[in-house]
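[1] task: produce atomic coordinates for the following.
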Amino acid sequence: MQNQLPKGKEHEKTLGLFDLSILGIGAIIGTGILVLTGIVAAEDSGPAIVFSFLIAALASGLIGLCYSELTTSLPNSGSAFYYAWVSIGKFMAFLAGWTLIGVYVTTTATVANGWTGYVQSFLEVLGINLPHKLLVNPAAGGYVNLPAVLMILFMTIILTRGTSESKFVNNFLVGVKIFIIILFIVVSAQHINPANWHPFLPYGYKGIFTGASAVFFSFLGFDALATSAEDAKNVDKNIPRAIILCLVISTALYILVSLVMTGVISYKDLNVSEAMSYVLLSKGHKYVAEIVSIGAVLGIMAVVFAFIYAGSNIMKSMSRSAFLPQGLAKVNDKTQSPNRAIWLVGLLSAILAGEFDLHYLALIANIGSLVVFALISLIVIILRYRYPELKRPFKVPFGNVIPVLSVLICIVLLVSISLNAWLTYLLWLVVGLIVYFCYSLRHANEFNFKDESDIPGN
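    Modelled structure (predicted):
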C-alpha cells in the first residue's frame, strides 16, 4: 500500500488560481441560484431566503477555512476520505468517502434535473413542445427525465478528454453563467415592488434554517476544489485563495438574485425550476428570457462537469487505496483521466436524474454534505493533536474555535432536514457498510506514516 501517489506516476499539474476559482464558482453558482432559489423561497423561506443563503454562506466560509488547512497540509484528491484515513482510521475514512460519492452523485442528478426546466422553457418559446412524459420522473407522471440523462452522459464524455482540455470548456461555460446572472439582475431590478417582500418571514425563523439546509449543498463547490489538489499548481497558496474568492463572489450573487427574484413577483409563485426565465417572462422580457434560458442551459452544465470530476476523483482515491476495486483508479495513458471512475459516477448520476424528484435529491445531498463538513472540521482538531509537527502552509486562526463552531452549525442545519431524506441517506450507508465488510476490510490497510519524513510537507 502507498499512502501517497508514487512520484513517478504524478501527472502534469494543469490548474492555476484562475482555473481553480472558475471551477469553484462553476460548482457553487448553479442549481442553487438558477433552480432552487425560487423553489426554496416558495416552499421554505419566502423572501427571507436571503438569510438562508447568508447562514449557508457563513457555515461554508468557516468550513472553507478548515478545508484550506487540510488541503494545503495533505494535498490529495481524496478530500474528506483521505483526511479521515490519515487522522481517524480506515472505517471512518470509508464512510466519509462513501458519503462523498453519494453526495456528488445526488448533487449531479439534482443539478441535471433543474437543467431540464430551462431546456423546456427555451424550447417552448420557440414553439417546440417535447413529450411531457420524457421530461419528468415517474413520481411526476412521466417515464424518465431524458434531457437530464443525456446531458450528464455528454459531460461525462467531455471529462474523459482530461483536465487540460476539458478545463477550457468549463471556463467558457462558467463565463456564460455569470453573464446571464448579471443580465437577469440588471433587467429585472427595474420591476422590483417592495410590497412583494411583505411578509418577509412568512414561514418564521424556522423557515430560514429549513431553507439554509435546503440550499446548503449549493456551496459544495469548495469540496470540488479540495479534490483537485493533485491537479493544482502551487497548491499551498492557490487553493485557499480560490476557496475564499469563489465563496465571496458566489454569496454576493446569491443574495442579489434572491432579492430581485422575490421583489419582482410574490414568493408564492416561484415554485418552478426555471425561476429566472419565469420572472423575466412574467414582465414581458421574452428575448432576455430566451438568452437567460440558453445561458442557464450552458451554465448548469458547468456544475455537472465540476461534480462528476470531483466524484470521480474521490472514487479514484478510494480505489487507489484498495477501499474499492483498484481497477477504478486506472487512468487513461493519453488524458491521465480516471475514465472508469468518471463513467461510473456519470452513469449513477444519470439514473438518479432520470428517475427521482429534484427537491428530494437536494435534501439527500445536503445531509451528506453537512455530515462530511462536520467531519472535516473535526479532523482539523484531531490532526493538530496527532501530528503537531505537520507543516501547515495555511492554518485556521483562533485555535479550535472556528472548527468547533463549524461542527455546531452543521448539526443545527442537519436537524432541520426531513426524516424521509435521512432514511434514504441511511440506506446509502447500509449499502456502503456491505461494501466495506465484504471488500474494503480485507483489502485496505490502516494509514501509517512510517516516520516523520513521510508526513507531507516535511
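
[2] quick check: K395 is in a helix.
    No: counting by DSSP: H, G, I helix; E, B strand; the rest coil, K395 is not found in a helix; it is coil.

[3] now do the contacts for the residue nearest to it when sequence neighbours are not counted.
    Nearest residue to K395 in three dimensions, chain neighbours excluded: E69, at 5.6 Å (Cβ to Cβ, 6 or more residues apart in numbering). Yep, even glycine has a C-beta here, placed from its N, CA and C like the rest. Residues near E69 by Cβ atoms under 8 Å, 6 or more residues apart in numbering: 380, 392, 394-396.

[4] who wins on neighbours among these?
    Among those, the one with the most neighbours (other Cβ atoms under 10 Å) is V380, at 28 neighbours.

[5] can I assume it is in contact with T72?
    No: the criterion here is Cβ atoms under 8 Å, and V380 misses it with T72 at 11.8 Å.

[6] if we can go back for a sec, of the contacts of E69, closest to I265?
    V396 (41.6 Å; Cβ to Cβ).

[7] show me the contacts for that closest one.
    Going by Cβ under 8 Å, 6+ apart, V396 touches 65-66, 68-69, 380, 402-403.

[8] which among those end up buried?
    Listed as buried from the contacts of V396 are 65-66, 68-69, 380, 402-403; burial here means 16 or more other Cβ atoms under 10 Å.

[9] give me the element the residue nearest to K395 is part of.
    Applying DSSP states H and E as the criterion places E69 in helix 49-73.

[10] now the very next helix or strand once past that helix against helix 49-73, angle please.
    Once the chain leaves helix 49-73, the next helix or strand it forms, by DSSP H and E, is helix 80-87. Taking axes from the mean of the first three to the mean of the last three Cα atoms, to 10 degrees, one finds helix 80-87 and helix 49-73 inclined to each other by 50 degrees.

[11] by contact count, what packs against helix 80-87?
    Other elements packing on helix 80-87 under the criterion 3 or more Cβ pairs under 8 Å, 6 or more residues apart in numbering; DSSP states H and E are helix 90-125, helix 286-320, helix 358-386.

[12] mind listing the strands for the stretch 201-350 of the chain?
    Remark: no strands are assigned in the stretch 201-350 of the chain by DSSP state E, counting those that start in this stretch.

[13] about what we covered before: mind picking the two most distant members of the contacts of V396?
    Pairwise distances across the contacts of V396 (Cβ to Cβ) peak at 11.9 Å, for the pair S68 and P403.

[14] how near is the residue nearest to K395 to I25?
    22 Å (Cβ to Cβ, to the nearest Å).

[15] repeat that for W115.
    As for W115, its distance to I25 is 18 Å (criterion: Cβ to Cβ).

[16] more neighbours: these two, which one.
    More crowded of W115 and I25, by other Cβ under 10 Å: W115, with 31 against 24.

[17] for Q326, give me its contacts.
    By Cβ under 8 Å, 6+ apart, the neighbours of Q326 are 319-320.

[18] P202 against I49, yeah?
    No: if you go by Cβ under 8 Å, P202 and I49 don't touch, sitting 10.7 Å apart.

[19] tell me the SS of N445?
    Here N445 is recorded as coil under three-state DSSP.

[20] what's the neighbour count on it?
    When neighbours are counted by other Cβ under 10 Å, N445 registers 12.

[21] from what I see, it and K90 are in contact.
    Yes: counting by Cβ under 8 Å, N445 does reach K90; the two are 7.1 Å apart.

[22] and L423, what pLDDT?
    For L423, the pLDDT comes out at 85.

[23] what packs against the helix or strand hosting it?
    Assigned by DSSP H and E, L423 belongs to helix 419-435. Using 3+ Cβ pairs under 8 Å, 6+ apart as the contact test, the elements touching helix 419-435 are helix 90-125, helix 358-386.

[24] the same query, at a cut-off of 6 Å, please.
    In terms of contacts (3 or more Cβ pairs under 6 Å, 6 or more residues apart in numbering; DSSP states H and E), helix 419-435 is packed against helix 358-386.

[25] tell me which other helices or strands the helix it packs on touches.
    Under the contact definition 3+ Cβ pairs under 6 Å, 6+ apart, helix 358-386 sits against helix 49-73, helix 80-87, helix 90-125, helix 401-415, helix 419-435.

[26] that helix vs helix 49-73, what angle?
    Using the same axes, to 10 degrees: helix 358-386 against helix 49-73 is 40 degrees.

[27] helix 358-386 versus helix 401-415: what angle between them?
    Using the same axes, to 10 degrees: helix 358-386 against helix 401-415 is 150 degrees.

[28] which residue ranges of the stretch 151-300 of the chain form helices?
    Along the stretch 151-300 of the chain, counting by DSSP state H, counting those that start in this stretch, helices occupy 163-188, 204-215, 221-226, 235-264, 275-282, 286-320.
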